[in-house]
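Student: got a structure for you, letters missing:
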């Protein structure tokens, strides 16, 4: 039997392993980039911190970091998103 459309919605559209960009936003404060990097490296030990892109908001109140990780599973992505979202310096993760 073929899968129902409802079951297909829970299947991943990604094929693992793959490169996956994370965009992390936080207030411009000392230690933000370091804290994000430590979380990302915990979930992707091969992540190269030198590839992290940083951009300040127009008024320099916020900063966004883009990290491209090597995603190996949905569980890994869920875990890194959860840990980043739970971090007190992080405002939002996309």
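Tutor: Received, thanks. Keep in mind the model is a prediction, meaning the values are calculated, not measured.

Student: most centrally placed residue in this protein?
Tutor: Centrality entry for the chain: nearest residue to the mean C-alpha point is residue 22, 3.4 Å, by CA atoms, centre = their mean.

Student: my read: it touches residue 92, true?
Tutor: No - in this structure, residue 22 is not within contact of residue 92 by CB atoms under 8 Å, at 11.2 Å. Placement of C-beta: from N, CA and C, glycine included.

Student: for residue 47, phi and psi?
Tutor: In this entry, residue 47 is assigned phi and psi values of phi -60, psi 130 (degrees, to the nearest 10).

Student: what's the distance between it and residue 55?
Tutor: Distance, residue 47 to residue 55, using CB to CB, to the nearest Å: 18 Å.

Student: neighbour count: those two, which is higher?
Tutor: For residue 47 versus residue 55, the count of surrounding residues by other CB atoms under 10 Å is larger for residue 47: 18 against 11.

Student: report how many residues lie close to the residue nearest to residue 71 when sequence neighbours are not counted.
Tutor: In space, and not counting its chain neighbours, residue 71 is closest to residue 20: 3.9 Å by CB to CB, 6 or more residues apart in numbering. By other CB under 10 Å, the residues close to residue 20 number 17.

Student: list the beta-bridge partners for residue 20.
Tutor: Residue 20 has these beta-bridge partners by DSSP bridges: residue 69.

Student: enumerate every residue touching it.
Tutor: Under the criterion of CB atoms under 8 Å, 6 or more residues apart in numbering, the contact partners of residue 20 comprise 14, 68, 69, 70, 71, 77.

Student: pull the most distant pair out of the residues you listed.
Tutor: Taking every pair in these and measuring CB to CB, the maximum separation is 13.6 Å, between 14 and 68.
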